[in-house]
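A.B. asks: Kindly generate the corresponding structure for this input.
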Amino acid sequence: MRRPGKIVCVGRNYREHAKELGNEVPTTPVVFLKPPSSVVASGEAIVLPGGVGRIDFEGEIGLVIGSTLRKATPGQAAQGVRGVVAVNDVSARDLQKSDVQWWRAKGYDTFCPMGPEKQGTPDFAGLELITRVNGSVRQRGLSKDMLFAIPDLLSFISGAMTLEPGDVVITGTPEGVGPLQAGDVVEVEVVGWSSVRSPVVADA
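C.D. replies: Take a look at the predicted model:
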């Protein structure tokens, strides 16, 4: 698969997820980056590094950028979306709490499983996300329940950094995140658009 130029991520974009981790509900978007080297395709394994504590799954809706967005209005940003991908924002939770920056917690190799892109313009308020672990539904979220709507997020991000064709913006995870163990199989689905399935293994 072709890796994105950059992966721009939004944290705490569902009220109940912010609460389940004991975080305040943000009043402006919480934005961070994951490195392209963390991306793996559907069917490839999530590798749990040793000695880093709890590692969580986080199913997310991803938007693939199709045209350059710089200081875009929400309407312009919506027109700049090329397609949708399912993404798992795998997170080393203990490191996320202890480190000032999240680069380690979010950036390990294999920490960004990404499904195939389906091109088209979605109903930005009508997307549904489902995360399953070993066949059991663990997360279910609707984009209409996001704190910050997708066009608004893209506009906000493009005000600080140019979004380029092929970049991916992932839009936050709903409540229900939990730890992964070797032997698990986790699947993230954006219903009708994309899915990514990942076996979980311990680092050798």
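
A.B. asks: List the buried residues in the helix or strand of the chain with the lowest mean pLDDT.
C.D. replies: Lowest on mean pLDDT, DSSP states H and E among the helices and strands of the chain sits helix 15-20, with a mean of 76. Neighbour counts using 16 or more other CB atoms under 10 Å place 17, 18 of helix 15-20 among the buried residues. Where you see a C-beta, it was placed from the backbone N, CA and C, and this is true even at glycine.

A.B. asks: which helices and strands does the helix or strand just after it pack with?
C.D. replies: Going down the chain from helix 15-20, the next helix or strand is strand 30-34, by DSSP states H and E. Counting contacts by 3 or more CB pairs under 8 Å, 6 or more residues apart in numbering; DSSP states H and E, strand 30-34 packs against strand 7-11, helix 103-107.

A.B. asks: Listing partners with orientation, what would you give for strand 30-34?
C.D. replies: strand 7-11 (antiparallel) (DSSP bridges).

A.B. asks: List the contacts of the strand it pairs with.
C.D. replies: With contacts defined as CB atoms under 8 Å, 6 or more residues apart in numbering, strand 7-11 is touched by 26, 29-36, 38-39, 60, 89, 106, 112, 148, 153, 157, 161, 163, 167-172.

A.B. asks: By residue count, what's the longest helix in the protein?
C.D. replies: helix 150-158 (DSSP state H).

A.B. asks: Any stretches of this protein with poor pLDDT?
C.D. replies: 1 (pLDDT under 70).

A.B. asks: distance between the least confident helix or strand of the chain and the chain's centre?
C.D. replies: 16 Å (CA atoms, centre = their mean, to the nearest Å).

A.B. asks: likewise stretch 129-147?
C.D. replies: 12 Å.
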